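>>> Provide a 3D model corresponding to the input given below.
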Amino acid sequence: MKLAIVILNYNGKKHLETYIDSVIRHSNGYDLIVIDNGSQDDSVQYIEDRHELILVQNMKNHGFAGGYNEGLKQINSKYYIIVNSDIEVTKNWIPPLIEVLKNNPDIVAVQPKILSFQNKNKFEYAGAAGGFIDFLGYPFCKGRVFDFTESDEGQYNQYSEIFWASGACMAIKAKEFIDVGGFDESFFAHMEEIDLCWRLKNLGKNIFYTSDSKVFHVGGGTLNYNSSKKTYLNYRNNLWMIHKNYKGKVPLFIFILIRIKLDLISGIKLLIFGNFKNFIAILKAHINYIKSINQIQNKRNKIDTLKFSSHTGYCKKSIIWNYFFLNKKKYSDISIN
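Next comes the predicted model:
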């Protein structure tokens with residue numbers, strides 16, 4: 001098997017019923033594999049009834065990161081295309097992704113243009129036209145900065161290097177995925193793809209985006225965008241990711257303190273607007289980070305880190321300053337160098 005299209009499913013029968021047909025229709029004859037992550041709905045029966053699908057079963061819910069890691073162990077392939085269950089694909093979406101990986105030894109992952117399923121002329125939150133990261137460790141995308149998503153007017157129709165590829169839809173070389181340890185399962189969900197790409201970049205590998213491939217993403221299929229659990233995972237995992245991978249002029253300890261202070265400021269803002277649950281989620285994220293420092297430091301000690309600012313896709317400007325104070329909400333308004 002040279003290419004496997006892999007969808008992770010957890011209690012997602014409705015998503016499969018709605019979106020799987022587009023993937024089957026445009027799978028170009030490649031194997032389409034659904035990893036079921038211990039679902040308790042009728043997902044498994046639905047998958048078994050569809051002869052076009054290959055079922056791989058995990059016995060429990062390992063989260064996004066662990067679910068893929070466990071399932072991919074059972075799949076022998078040269079390339080994986082990881083696709084969310086709430087993705088609608090388009091005709092000829094596969095060849096541009098695989099051509100990038102086949103023709104470039106140093107490129108290990110590539111993502112397509114990701115547009116909103118609900119509003120198909122707008123970019124989607126989770127990945128848009130490729131991921132970047134600012135000097136304080138805040139991720140953003142071409143086409144999406146914080147909660148602002150741009151309309152797709154062809155402004156990002158290009159083939160370009162990025163910092164991270166979206167876990168909603170990415171093609172990745174299987175050997176490099178396995179060699180780097182796959183997703184960090186302790187993340188459970190959210191930002192594990194950024195951590196994965198950062199580790200790959202620390203090994204001198206490259207991540208790319210191509211607009212020649214296009215998909216539509218519903219979003220919020222795992223956790224609602226306003227979920228306090230999502231807030232908790234995003235804030236905790238961001239600190240974990242930085243602690244594992246960061247290397248720069250500012251010592252790690254000071255860098256983390258700056259981030260925690262900025263996190264608390266955003267938490268106070270949430271509290272002022274009555275969002276008590278998400279404020280508490282941020283506090284819990286910080287507490288969990290502090291409790292797990294030794295565990296994260298052990299992982300850091302096993303990773304070869306390169307200077308943060310040496311990576312393509314690193315932004316020297318503050319996204320917070322540009323977005324909230326200068327009202328620059330489009331990627332094209334921000335000079336990242």
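>>> from here on, contacts and neighbour counts on C-alpha atoms
Will do.
>>> from memory Asp41 sits against Lys13, does it?
Yes. In this structure Asp41 lies within contact range of Lys13 using Cα atoms under 8 Å: 7.1 Å.
>>> which one of the two has more residues nearby?
Taking neighbours as other Cα atoms under 10 Å, Asp41 and Lys13 compare with Lys13 leading, 19 against 13.
>>> Quick check: which ranges of the stretch 201-337 of the chain have low pLDDT?
Within the stretch 201-337 of the chain, the segments meeting pLDDT under 70 span 220-225.
>>> Tell me which stretches of it form helices.
Taking DSSP state H, counting those that start in this stretch as the criterion, the stretch 201-337 of the chain contains helices spanning 228-245, 252-272, 276-291, 293-301, 319-320.
>>> Turn those helices into CSV, including mean neighbour count and distance to Val6.
Conversion of the helices of the stretch 201-337 of the chain to CSV gives the following (neighbours: other Cα atoms under 10 Å; distance: least, Cα to Cα, whole Å):
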stretch, mean neighbour count, distance to Val6
helix 228-245, 22, 23
helix 252-272, 15, 35
helix 276-291, 18, 30
helix 293-301, 14, 27
helix 319-320, 22, 33
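>>> could the ones you listed be laid out in JSON lines, adding distance to Ile5?
JSON lines is the format used below for the helices of the stretch 201-337 of the chain (distance: least, Cα to Cα, whole Å):
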{"stretch": "helix 228-245", "distance to Ile5": "26"}
{"stretch": "helix 252-272", "distance to Ile5": "37"}
{"stretch": "helix 276-291", "distance to Ile5": "33"}
{"stretch": "helix 293-301", "distance to Ile5": "30"}
{"stretch": "helix 319-320", "distance to Ile5": "34"}
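>>> what's the closest of the ones you listed to Asp179?
Checking the helices of the stretch 201-337 of the chain against Asp179 by Cα to Cα gives helix 293-301 as the closest, at 14.9 Å.
>>> just checking, what packs against that closest one?
Under the contact criterion of 3 or more Cα pairs under 8 Å, 6 or more residues apart in numbering; DSSP states H and E, helix 293-301 touches helix 228-245.
>>> longest strand anywhere in this structure?
Longest strand of the chain, by residue count under DSSP state E: strand 206-217.
>>> List the buried residues in that strand.
Of the residues in strand 206-217, Asn206, Ile207, Phe208, Tyr209, Thr210, Ser211, Asp212, Ser213, Lys214, Val215, Phe216, His217 count as buried by neighbour count, 16 or more other Cα atoms under 10 Å.
>>> Kindly indicate whether Leu196 is helix, strand or coil.
Following DSSP: H, G, I helix; E, B strand; the rest coil, Leu196 is assigned to helix.
>>> Tell me if I'm right that it and Asp184 touch.
Yes. In this structure, Leu196 is within contact of Asp184 by Cα under 8 Å, at 7.4 Å.
>>> For the stretch 51-200 of the chain, just list every one of the helices.
Using DSSP H, counting those that start in this stretch, the helices of the stretch 51-200 of the chain run over 63-72, 94-103, 174-179, 192-202.
>>> With mean neighbour count and distance to Glu153 added, can I get these in TSV?
Below are those laid out as TSV (neighbours: other Cα under 10 Å; distance: least, Cα to Cα, whole Å):
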stretch	mean neighbour count	distance to Glu153
helix 63-72	22	32
helix 94-103	17	20
helix 174-179	16	33
helix 192-202	23	26
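>>> In TSV: the ones you listed, plus distance to Ile287.
As requested, the helices of the stretch 51-200 of the chain are exported to TSV (distance: least, Cα to Cα, whole Å):
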stretch	distance to Ile287
helix 63-72	21
helix 94-103	40
helix 174-179	30
helix 192-202	20
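>>> Tell me which of the ones you listed sits nearest to Gly130.
helix 192-202 (11.0 Å).
>>> what about the closest one, distance to the chain center?
Here helix 192-202 is found 10 Å from its chain centre; the criterion is Cα atoms, centre = their mean, to the nearest Å.
>>> do the same with stretch 252-269
Counting by Cα atoms, centre = their mean, stretch 252-269 comes out at 22 Å from the chain centroid.
>>> Using PDB, list the CA coordinates for it.
C-alpha atoms of stretch 252-269 as PDB (Å, rounded to 0.1, in the frame of the first residue of the first chain):
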ATOM      1  CA  LEU A 252      12.900  29.000  28.300                       C
ATOM      2  CA  PHE A 253      12.000  29.800  31.900                       C
ATOM      3  CA  ILE A 254      11.500  33.500  31.200                       C
ATOM      4  CA  PHE A 255       9.700  32.700  28.000                       C
ATOM      5  CA  ILE A 256       7.200  30.500  29.800                       C
ATOM      6  CA  LEU A 257       6.600  33.100  32.500                       C
ATOM      7  CA  ILE A 258       5.800  35.700  29.800                       C
ATOM      8  CA  ARG A 259       3.300  33.400  28.100                       C
ATOM      9  CA  ILE A 260       1.600  32.500  31.400                       C
ATOM     10  CA  LYS A 261       1.200  36.200  32.200                       C
ATOM     11  CA  LEU A 262      -0.300  36.800  28.800                       C
ATOM     12  CA  ASP A 263      -2.600  33.900  29.200                       C
ATOM     13  CA  LEU A 264      -3.800  35.300  32.500                       C
ATOM     14  CA  ILE A 265      -4.500  38.600  30.900                       C
ATOM     15  CA  SER A 266      -6.700  36.900  28.300                       C
ATOM     16  CA  GLY A 267      -8.300  34.900  31.200                       C
ATOM     17  CA  ILE A 268      -9.200  38.100  33.100                       C
ATOM     18  CA  LYS A 269     -10.700  39.500  29.900                       C
END
